[in-house]
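In: Quick one: sequence and predicted model below, then my questions.
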Amino acid sequence: MSNPESLSAHLAELQHVLDRMPPVAAMQIRVVSYREGMLDLGAPLAANVNDKGNAFGGSLASALTLSGWALVTLRLRLAGFDADVYVADSHVRYLAPVYEDLHAQAQAADPADWEGFLATFAQRGKARIGLVARQPGTAGKPAAELTGRFVAFARR
């Protein structure tokens with residue numbers, strides 16, 4: 001896919017893009033890691049807390065959506081493509097309150113889909129892929145989960 005220096009540069013560029021979006025900067029979202037097909041974005045609870053002292057649902061939805069956007073953007077860049085990425089549709093389930101820092105962890109709904117996604121993008125200049133993003137909870141179960149489709153269009 002890419003060498004570690006290139007991956008590091010792409011992750012730094014993603015962070016730069018996130019930092020330029022005022023609502024995202026206010027949430028203090030940070031690129032934590034990318035490994036084994038999963039991108040992890042983190043944000044401090046203190047910047048995303050609600051009136052009950054746990055994570056604000058809007059912050060969870062935003063972090064999960066951004067992790068999907070960032071994952072698709074990263075995979076395209078690692079493959080040498082420049083694209084605009086959008087969320088086409090999504091569904092968020094809130095399964096348990098979150099009393100710790102946010103960690104939005106995105107991956108393809110089916111890891112085998114990346115090959116077809118990238119091939120379609122190379123051929124048509126546009127493609128879509130299904131992703132799942134989760135906020136870890138307790139006992140190995142997610143506290144929140146987003147399922148969605150993300151689309152990419154080649155920049156002209």
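Out: Okay, I see it. Numbering: from 1, shown residues only.

In: Who is the closest residue to Arg30 other than its chain neighbours paired with across the strands?
Out: Counting by CB to CB, 6 or more residues apart in numbering, Gly42 is the residue found nearest to Arg30 once chain neighbours are left out, at 5.2 Å. Heads up, the C-betas are built off the backbone N, CA and C, glycines and all. Counting by DSSP bridges, Gly42 is bridged to Arg30, His103.

In: contacting residues for Gly42?
Out: Taking CB atoms under 8 Å, 6 or more residues apart in numbering as the contact definition, Gly42 lies against Ile29, Arg30, Val32, Asp101, Leu102, His103, Ala104.

In: which of those residues are buried?
Out: Buried members of those, scored by 16 or more other CB atoms under 10 Å, are Ile29, Val32, Asp101, Leu102, His103, Ala104.

In: With pLDDT as new columns, can those be given to me in JSON lines?
Out: Output for the buried ones among the contacts of Gly42, formatted as JSON lines (pLDDT from 0 to 100):
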{"residue": "Ile29", "pLDDT": "98"}
{"residue": "Val32", "pLDDT": "98"}
{"residue": "Asp101", "pLDDT": "97"}
{"residue": "Leu102", "pLDDT": "98"}
{"residue": "His103", "pLDDT": "97"}
{"residue": "Ala104", "pLDDT": "98"}
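
In: With distance to Gly68 added, can I get the residues you listed in CSV?
Out: Converted to CSV, the buried ones among the contacts of Gly42 look like this (distance: CB to CB, whole Å):
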residue, distance to Gly68
Ile29, 13
Val32, 15
Asp101, 19
Leu102, 14
His103, 14
Ala104, 8
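
In: quick one: which of these is nearest Gln123?
Out: Nearest to Gln123 out of the buried ones among the contacts of Gly42 is Ala104 (CB to CB; 30.4 Å).
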